[in-house]
Structure formats: structure tokens, C-alpha cells
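S.K.: The following comprises the amino acid sequence and a computationally predicted model.
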Amino acid sequence: MSAKQGGFENVESSSHAVYMEKAAAFFRAMNAAYKDENWYSVGLEAVHCAISATDAVLAKKCGIRSTSKDHRDVIKLLEEKLGSKADTEAAALGRIIAMKNQVEYLDRIFTKKEAEEIYKRTDRYFNWAKKMLG
């Protein structure tokens, strides 16, 4: 790895496997939480799944991963590095990450309907990432 630069760091392309393994673990945890009707956990696991899947795609395709504390920066990085190949998915990632605030910080219940929404978006996003990795 090289020094951090501009919100990302260089990584070995092969590290994508580790990030995708993490994404898959978060995906399984999201499924278990959904089955248990634990809506908050569905939301948090979904966000972590999407971010790890993004790290996997960026590692494999570009040899980088985000180092920013602001999860929204990974959206910009995805758009910048993959261009039109990731337009729709970057928007989907943005919607997933935006829901993180609803789960963690708002003083209201994260509903079943919201959990279903983030679940569906994350399922589609995770499958896109798997296709990108081949």
C-alpha cells in the first residue's frame, strides 16, 4: 500500500477478495436480521455490505479503496473512477448510505418499510458488485 492520497489509498487488486468476503458476511447478517425483524440491524448491515462491496469493486478495477470517514465520499470516488459504468449504481449507493442517518441518528423508529427498501437496494447493489468482480 502506498500513502493515503485524496481520500483513498492504493491497495493490491487481489485485496478485493477480502472486501467481498466482508460484504458477503454483512449481506448474510442483513438477511438474518430481516428474518428476525430487527429493522435497525437490517439497515446497518446493509450499509456496511454496500460499502465493503464498493471497496471490493474499486480494489479490483482501480487498485484503490476509500479512506474517507465520510461514507458519501466513496460515492464520488466510484463515479470518478468507473464513470458511466457505475452511474446507476453510484446513485443506488447514495440512497443506501443516506438511510444510514435514519437508522443511527434520527430520534424515530426505523420502520419495516424502510428496512425493506434498504434491503432491496442493497441486494441489487451487492449483485451488481459481484458481476463487476466476475
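M.R.: Cool, got the structure. Residues are numbered from 1 along each chain as shown.

S.K.: Look up the closest residue to the spatially most central residue of the chain, ignoring the ones flanking it.
M.R.: Computing the C-alpha centroid of the chain and ranking residues by Cα atoms, centre = their mean puts Ala50 first, at 1.7 Å. Using Cβ to Cβ, 6 or more residues apart in numbering and skipping the chain neighbours, the partner closest in space to Ala50 is Ile96 (4.6 Å). Where C-beta positions appear, they are placed from N, C-alpha and C, glycine not excepted.

S.K.: In terms of helices and strands, where is the one you found?
M.R.: helix 87-104 (DSSP states H and E).

S.K.: Tell me the first helix or strand C-terminal of that helix.
M.R.: Using DSSP H and E, the helix or strand that follows helix 87-104 in sequence is helix 112-133.

S.K.: Let's see that next one as CSV, backbone CA atoms only.
M.R.: Provided in CSV are the C-alpha atoms of helix 112-133 (Å, rounded to 0.1, in the frame of the first residue of the first chain):
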residue,chain,number,x,y,z
LYS,A,112,-40.2,-2.3,8.4
LYS,A,113,-41.0,-0.4,5.2
GLU,A,114,-37.6,1.4,5.4
ALA,A,115,-35.8,-1.9,6.2
GLU,A,116,-37.5,-3.5,3.1
GLU,A,117,-36.4,-0.6,1.0
ILE,A,118,-32.7,-0.7,2.0
TYR,A,119,-32.8,-4.5,1.8
LYS,A,120,-33.9,-4.4,-1.8
ARG,A,121,-31.5,-1.7,-2.8
THR,A,122,-28.6,-3.5,-1.1
ASP,A,123,-29.5,-6.8,-2.7
ARG,A,124,-29.4,-5.2,-6.1
TYR,A,125,-26.2,-3.3,-5.4
PHE,A,126,-24.4,-6.4,-3.9
ASN,A,127,-25.4,-8.4,-7.0
TRP,A,128,-24.0,-5.7,-9.3
ALA,A,129,-20.7,-5.7,-7.4
LYS,A,130,-20.5,-9.5,-7.8
LYS,A,131,-21.0,-9.1,-11.5
MET,A,132,-18.3,-6.4,-11.7
LEU,A,133,-15.9,-8.8,-10.0
